[in-house]
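>>> just the structure for this:
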Amino acid sequence: MSMKSVTEQDPGLSPEIRASLDFVLRAASVLFRQRSGLNDSPSAESHAWANQAEAAVELAEPEPRS
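Numbers count the residues shown, from 1 in each chain. Got it, this is the predicted structure:
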């Protein structure tokens with residue numbers, strides 16, 4: 001399954017909603033890293049989950065307008 005950016009999934013989303021999604025995904029990534037102890041001794045599985053969370057954040061970021 002390929003991940004699509006928020007804009008690709010629903011191009012009609014307002015900038016406020018995209019910003020909210022971005023905040024939630026970033027906060028979830030930080031909390032996951034803290035709770036999993038990723039900063040102390042990362043396991044391969046927890047590292048993979050954190051990378052997926054960060055990739056989701058990048059996909060959720062609004063695309064620059066030209």
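>>> can you give me the helices for the chain?
For the chain, helices defined by DSSP state H occupy the ranges 6-9, 15-36, 44-60.
>>> mind picking out the helix or strand in this structure with the poorest mean pLDDT?
helix 6-9 (a mean of 62; mean pLDDT, DSSP states H and E).
>>> got any ranges where this structure has weak pLDDT?
1-9, 37-47, 49, 57-66 (pLDDT under 70).
>>> and with 50 instead?
Scanning the chain for pLDDT under 50 picks out 1-2.
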